[in-house]
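J.: need coordinates for the following:
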Amino acid sequence: MTFATVRAIGAKLPGVEVGTAYGTPALKLRGKLLACIASNKSAEPDTLVVRMGFDERDALIEDDPETYYLKDHYKNYDVVLVRLSKVRRDAISDLLQNAWRRVSATTAAKRGRNTRRSSSRSRTPPAR
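T.: Below is the predicted model:
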């Protein structure tokens with residue numbers, strides 16, 4: 001597995017952009033990180049960083065520590081480290097779809113809060 005394959009899979013998801021994060025190739029949705037090549041020295045070479053929930057991450061690492069792992073630098077981030085040399089194509093597809101859903105839901109919720117806030121500010125105050 002290479003990042004070129006990851007990019008090809010991710011590019012099929014709506015709104016996904018190819019860019020960089022921390023100087024490495026990345027996939028983003030509306031500027032928010034979905035996945036990137038790990039840039040921290042603690043990560044093994046050819047490691048992909050993928051957004052996901054903490055509970056999901058812990059379960060993946062427990063189920064398949066040969067493929068998924070974590071280093072201290074990434075512990076407080078909602079990501080998992082993926083050894084590209086070990087991961088299957090279908091697993092990458094699932095990981096990217098889950099990351100897309102996670103980021104999409106988060107940005108939609110923020111847009112909704114901002115819309116409610118701005119619309120409530122634009123109302124005329126009640127007459128006294």
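
J.: what is the burial count for residue 100?
T.: A total of 20 residues lie near residue 100 under the criterion other Cβ atoms under 10 Å. (Each C-beta comes from the backbone N, C-alpha and C, glycine too.)

J.: average pLDDT across the helix or strand it falls within?
T.: Counting by DSSP states H and E, the element that carries residue 100 is helix 89-121. Averaged across helix 89-121, the pLDDT comes to 76.

J.: which stretches in this structure count as strands?
T.: All strands of the chain, identified by DSSP state E, fall at 16-21, 24-29, 32-37, 47-51, 68-69, 79-83.

J.: would you format those as TSV with mean pLDDT and distance to residue 62 included?
T.: Output for the strands of the chain, formatted as TSV (pLDDT from 0 to 100; distance: least, Cβ to Cβ, whole Å):
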stretch	mean pLDDT	distance to residue 62
strand 16-21	96	27
strand 24-29	97	26
strand 32-37	97	21
strand 47-51	98	16
strand 68-69	98	9
strand 79-83	98	11
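
J.: save the ones you listed as a markdown table, and put in mean neighbour count too.
T.: Output for those, formatted as a markdown table (neighbours: other Cβ atoms under 10 Å):
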| stretch | mean neighbour count |
| --- | --- |
| strand 16-21 | 14 |
| strand 24-29 | 20 |
| strand 32-37 | 22 |
| strand 47-51 | 24 |
| strand 68-69 | 21 |
| strand 79-83 | 23 |
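
J.: who touches the residue nearest to residue 69 when sequence neighbours are not counted in this structure?
T.: Sequence neighbours aside, residue 81 is the residue nearest to residue 69 in space, at 5.0 Å (criterion: Cβ to Cβ, 6 or more residues apart in numbering). Applying Cβ atoms under 8 Å, 6 or more residues apart in numbering to residue 81 gives the contacts 38, 43-44, 47-49, 68-71, 74.

J.: and residue 81, what are its bridge partners?
T.: Beta-bridge partners for residue 81, by DSSP bridges, are residue 49, residue 69.
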